[in-house]
Every structure is written in structure tokens, then in C-alpha cells.
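1. quick one: sequence plus predicted model below, questions after.
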Amino acid sequence: MSERVGGIVASFAGRLGAFTIDVAFEIPRRGITALFGPSGCGKTTILRCIAGLQRLEGRLQVDGEVWQDSARGIFLPPHKRPIGYVFQEASLFPHLSVRENLLYGARRSGTRSDGGRGFDDVVELLRLDALLERSPGTLSGGQRSRVAIGRALLSRPRLLLMDEPLTGLDLRAKEEILPYLAMLHREFSIPIVYVSHEIAEVAQLADHMLVVSDGKLVASGPTAATLERLDLGSVVDRFEAGVVLTCRVVEQLSAFRATRLDHRGQNLVVPEIQVPIGTEVRLRVRAREVSIATRGRKASASAMLWRAPFPKSSRSRTRLTQRCWSMSVGRSCARGSRVSPCTISG
Amino acid sequence: MVESIWSPVRLTLELAFVTTLLLLVVGTPIAWWLSRSRAPWKEAVASVVALPLVLPPTVLGFYLLILLGPNGPGGWIAGGFGLPSLAFTFPGLVIGSMVYSLPFMVQPLRNAFDAVGERPLEVAATLRASPWDAFWSVAVPLARPGFLSGIILTFAHTVGEFGVVLMIGGNIPGETKVLSVALFDYVETLQWREAHIIAGGMVVFSFAVILAMSLIERRMSRARG
């Protein structure tokens, strides 16, 4: 298994004070992998071990290269690992301008000979051009995060590690950063390991997830499959179990301030999401938000959808296991946000 | 008369300048080690570095005299240059001043390195900066206030030292007769005018140093905020 070429194969074990970590996991070569768990469960420590900032006993192999093997006395120091690391606080260098911050890693990781993204591309992608000459002290939280992400990208990483880059940001700043994060793995084919304790963030961004609790790995797998599990009660609130539906935007019902989504032929109407038609969005439906209507289709005339006073609530339906379920959704619903149910009576 | 005051002034500035420069070179690695090391005996080293703060300068001078004298290691080194001893010479005075002013360089630097913290250096490491590179490109610029206070304090303290100089330097005009010793001389010989010039000059100098320090500190904290 450890001879696989792609991806990360890792195992770490050790004590940090009274806290014990003992994990072994694999991370696929592609996409975003979430390292998920409650605060203080050791997920940041695991990320720091991958970066080499923390040294525990263990083994780490990335794309076939051994970065750490305690048994053989191998430990690649952090500055020799081709990673990008986005810290929880943006941690920009206060004595350097935004431009110099961005160039700090770029200058030290060789020139553009490898065909990686250039300075201008990253600046444009993250919309940093207006900030370049400013000092980090004058930036807002969201701007700082963007600079930190750009700085990490410009160091030409083969692996991007992000430690809760959205924590400490207010809702607006989060909304500002999220699209960039979602875009990163499309634009750059870099695998991302993303630490988070926010299930909504994970549902929205991650393709794959590792669930960590108390220094141990309790589950791993594709995000949708892992979030459906009801047996992770110790880590995830039992009521948080649910499905993640990958839908496509098919129509903007602007008269109703609503958006029609398609999920494998099923129609779902949700409050307006301002994205172009054809965009893929993820809809998370928690199990507790679904009510089963036992009378089948009688109860779910599509007319109900429009009869309800919009935009107070909207009703939409789809079929799950031959039965109907309905739900009403609140007014402001962004991609990945939770959708609340409404029982159909009669 | 003017010449007799000017010589100790020049000598004092020379001594302070050389001492500060050398202490910067010696004190920076010590301060860095004290700030980063997890060795259990680290605080013992820190205490040794701080000793000159509490020891009477004459105690320090006495030991230095023995170390630098003809029978100490200093004398042995001096022998290599064809000198009988390092005591009562300008190089001996520089060594004595370095020991005496060591805490004034190391303490501000250590505090500044402590304030920089671990994070900026970790960030630098993830951006491919080697520890040496990160030290120069991140730790030193961020610790700039510490360097400034260390330099100013060391310089000022060396200018004002007396006991150590008297013990190991004596009173050789143009070689070891610095301002504080010269002042003592003038008072002994009842040359009040010259004594006034030196004493008054020192008061103004010290005031300027302290004022500069607090102004720098204020500007730094504003720049950071």
C-alpha cells in the first residue's frame, strides 16, 4: 500500500504533553481533503507534521518521495518541502509590503522555469492588484487571507496545506474567500489538505475527508459518503448527519428570487443563488430536515410550490427511495448552506 | 586645556563605538540562543550574562585584571603580540567594557526575539527560507527595536563606565584615560571648570540618549499598531 505512487501516505504517533496522537492515513493525489474534527482533536498537529513544523515519530511519503521516515532517520526540514502553508491567522510579515510578502516565497522557490503560475496570474486571480503596495497592517481580515493564500501559491507548492483559513473572519469575509478556495483546485491542480471544524465548510469544499477525534482517525472517505454516516456521534453531532447533493443550476427564477437546481433529473427550487446557469453547487440536506410523506405523490403536488407565499418560504420536492419528501427553505441560502424542512400534512 | 579634554572625549567615543560593534556581533547569537533554546540550564547562562548589572564594577574589574594581567590568559594572548599584558591597554579596556555592558546588549535583543515569536519563522520556513535566511530576512527586521535599544544602551553605558576602567585601564592619557576617569582627575586636582564641562556634557548626553530611546519606542509601537 505504501508503494503507491500518487498522494500522501502518512502515519504519525507521539505525545505532546498529556495529548497523544496516533494516526495513519492516505490522502488522494487530487482535490481537496478536509481534516475534520472538533477543536483540540489534533488536526492542526497533523497538518504541522505534514509540513515538518512539528516532529513526531512516523512516516510520510508524498508522491512517492519520502519526507519522513523515523525508522530510517529521515526527516526533511520544512524549508525543503515543496508545500504551501496557510496559517490560521494570515501571519503576513508586518515589515514587508503586500508585494514583498507575495514575492518572499516566490524568490526562494526558483524562477518560472517549471511553468508554474506567475506572479501576475496569482495577483489577478485573487484580485490583489490594488493591495500590492500596502502594508499588511492596513488590510481587512479577508484581504489578509487572500494575500496569505497568494503567497503560499507563489512558492510553487506541490501540496497546499490550509489551517482553518476562514476562522476569525466575519461572514462577509468568509463569503469573499470561499469562491477563491473553491476555485483553487480547479485552477491549480494542487492537492489541498484543509483543516476545519465547520461542517458547512467541509461540505462545500472538500472532496474527501478525514475525521479526527482525540488524536485518532475515526473515519475517512469521500465527503458525501462520510457525512451520511450516523455513527460518528462522538465527533459530529448526530443531528448533523445528512447528504450532500451535487446539483447544477438550470434556471434563475428571478421573479421569485429563486434558483432551480437539477439533481440527476430531480428538480429543486431554492432561494436565489447568484451564479451563472450551469454552475455546479453543493446542497447539503441534513437527515433531520427531511420528513417522509407516507401518502406518496398525492401530498406533493407541484402546485404547492407556487401557492406558498414567496419569498417567505418555498417548497420543492424530489424523490428519495420512491417516496416524496418536501422541504421549505429560508430566504437567504448560499451554496452549501443548510436547508430546513417542512412537514406535509394531509 | 581644550586639548586635554578633547583627548578623553575622543577616546571615550572610540571605546564606546568599538565595544558596541563587537557586542553586537557577540551579543546577537547569545540573545538568539537564550530566546530559542529549550536547554534547562538556559536561565543559568542568562544569569551569568546579567551578572554585571548587580556586581560592583570594582569586583568585575578585579577579576578582569587578573584574567588580562601578565599571569592570566590575557597576558598569554598579549605575549603573542609582544605585549606584557592586556591590562592598562586599549584592547584590554575594550574587553572589560564588553563584559561590563554585555547585559545591556543581550537583554533588549532577547526580549525583541521573544516578541517576534515562533510563527513568523515557521511561515518563512514554509516559504522555503532556510533557518539562516529566515533569521536575516524575518527575525532581524522584526527585532529592529531591540537592536536599536541594545545599541543605544550599550553605547551610553560604555561612555559612562568608571569602576572597571579604573581597575583595568588605569589613567594613561590617550590610551586608557576616558571621560569618567578624566572627570575624577579634574576633581582631585580641583580643576572645577574642566570638571563642569565634562559633567555637564554627560548630563546632556544622557538626557539625549533617554529621550531618543523613548521616541524610538513610541514610533515603533505606532508603526506596529
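-> That came through, no problem.

2. any idea how far A:L205 is from the residue of the stretch 151-300 of chain A found nearest chain B?
-> With CB to the nearest CB, the shortest gap between the stretch 151-300 of chain A and chain B falls at A:S155, namely 5.0 Å. C-beta coordinates here come from the backbone N, C-alpha and C atoms, glycine included. Plainly put, A:S155 is 21 Å away from A:L205 if you go by CB to CB, to the nearest Å.

3. the residue of the stretch 151-300 of chain A closest to chain B against A:R107, yeah?
-> No - if you go by CB atoms under 8 Å, A:S155 and A:R107 don't touch, sitting 9.3 Å apart.

4. excluding chain neighbours, what is closest to A:S254?
-> Computed as CB to CB, 6 or more residues apart in numbering or on different chains, the closest residue to A:S254 that is not its neighbour in sequence is A:E272, at 7.6 Å.

5. spit out the contact partners of the one you found.
-> Applying CB atoms under 8 Å, 6 or more residues apart in numbering or on different chains to A:E272 gives the contacts A:Q252, A:L253, A:S254, A:R257, A:A258, A:T259.

6. please report the residue range of the longest strand in chain A.
-> Longest strand of chain A, by residue count under DSSP state E: strand A:242-253.

7. flag every buried residue along the next helix or strand after that one.
-> Going down the chain from strand A:242-253, the next helix or strand is strand A:258-263, by DSSP states H and E. Neighbour counts over strand A:258-263 (16 or more other CB atoms under 10 Å in any protein chain shown) mark A:A258, A:T259, A:R260, A:L261 as buried.

8. mind exporting strand A:258-263 as PDB, just the C-alpha atoms?
-> The C-alpha atoms that make up strand A:258-263 are tabulated as PDB, following Å, rounded to 0.1, in the frame of the first residue of the first chain:
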ATOM      1  CA  ALA A 258     -35.300  31.600  -6.600                       C
ATOM      2  CA  THR A 259     -33.000  29.300  -8.400                       C
ATOM      3  CA  ARG A 260     -33.900  26.000  -9.900                       C
ATOM      4  CA  LEU A 261     -31.400  23.200  -9.500                       C
ATOM      5  CA  ASP A 262     -31.100  19.900 -11.100                       C
ATOM      6  CA  HIS A 263     -30.000  16.800  -9.300                       C
END
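
9. tell me which other helices or strands that strand touches.
-> Contacts defined by 3 or more CB pairs under 8 Å, 6 or more residues apart in numbering or on different chains; DSSP states H and E place strand A:258-263 against strand A:242-253, strand A:266-271, strand A:280-286.

10. coming back round to it: closest to B:A112 among the buried residues of strand A:258-263?
-> Proximity of the buried residues of strand A:258-263 to B:A112 (CB to CB) peaks at A:T259, which lies at 54.9 Å.

11. pLDDT score for the residue lying closest to the closest one once chain neighbours are set aside?
-> Closest residue to A:T259 apart from its sequence neighbours, by CB to CB, 6+ apart: A:I273 at 4.7 Å. A:I273 is assigned 77 on the pLDDT scale.

12. which SS class is A:I273?
-> coil (DSSP: H, G, I helix; E, B strand; the rest coil).

13. pLDDT weak spots in the chain?
-> No chain specified, so I'll use chain A. Residue ranges of chain A with pLDDT under 70: A:1-5, A:111-117, A:230-241, A:287-346.

14. chain B was what I was after
-> When residues are selected by pLDDT under 70, those of chain B lie in B:1-3, B:222-225.

15. and the gap between the residue in chain B that chain A sits nearest to and A:S91?
-> Here chain B gets closest to chain A at one residue, B:L127, 3.3 Å apart by CB to the nearest CB. According to CB to CB, B:L127 and A:S91 sit 11 Å apart.

16. those two: which is more packed in?
-> B:L127 (30 against 20; other CB atoms under 10 Å in any protein chain shown).

17. so the nearest residue to the more buried one once chain neighbours are set aside: helix, strand or coil?
-> In this structure, B:L127 finds its nearest non-sequential neighbour in A:G105, 3.3 Å apart by CB to CB, 6+ apart. Secondary structure for A:G105, judged by three-state DSSP, is helix.

18. correct me, but A:G105 touches A:G150?
-> No - the criterion here is CB under 8 Å, and A:G105 misses it with A:G150 at 9.7 Å.

19. separation between the closest residue to chain B within the stretch 1-150 of chain A and B:F184?
-> Closest residue of the stretch 1-150 of chain A to chain B, CB to the nearest CB: A:G105 (3.3 Å). For A:G105, the distance to B:F184 (CB to CB) stands at 58 Å.

20. could you do B:T89 as well?
-> 20 Å.

21. same deal with B:W132?
-> Distance check for B:W132 against B:F184: by CB to CB, it reads 46 Å.

22. neighbour-wise, which of the two wins?
-> The residue with more neighbours, out of B:W132 and B:F184, is B:F184; 16 against 8, by other CB under 10 Å.

23. show me what contacts residue 93?
-> Just so you know, I chose chain A. Applying CB under 8 Å, 6+ apart to A:F93 gives the contacts A:E100, A:N101, A:Y104, A:P136, B:P120, B:V123, B:V138, B:L142.

24. my question was about chain B, not that one.
-> B:L15, B:V165, B:I168, B:G169, B:T176, B:V178.

25. ok, B:F90 touching B:G174?
-> No - assessed by CB under 8 Å, B:F90 is found out of contact with B:G174, at 9.2 Å.

26. so what sits against both of the two?
-> Common neighbours of B:F90 and B:G174 (criterion: CB under 8 Å, 6+ apart): B:L11.

27. the more surrounded of the two?
-> B:F90 (16 against 10).

28. what residues does chain B have near chain A?
-> B:119-120, B:122-131, B:133-134, B:137-138, B:141-142, B:144, B:224-225 (CB under 8 Å from any CB of the partner chain).

29. now those: which count as buried?
-> Among those, the ones that count as buried by 16+ other CB under 10 Å are B:120, B:122-129, B:134, B:137-138, B:142.
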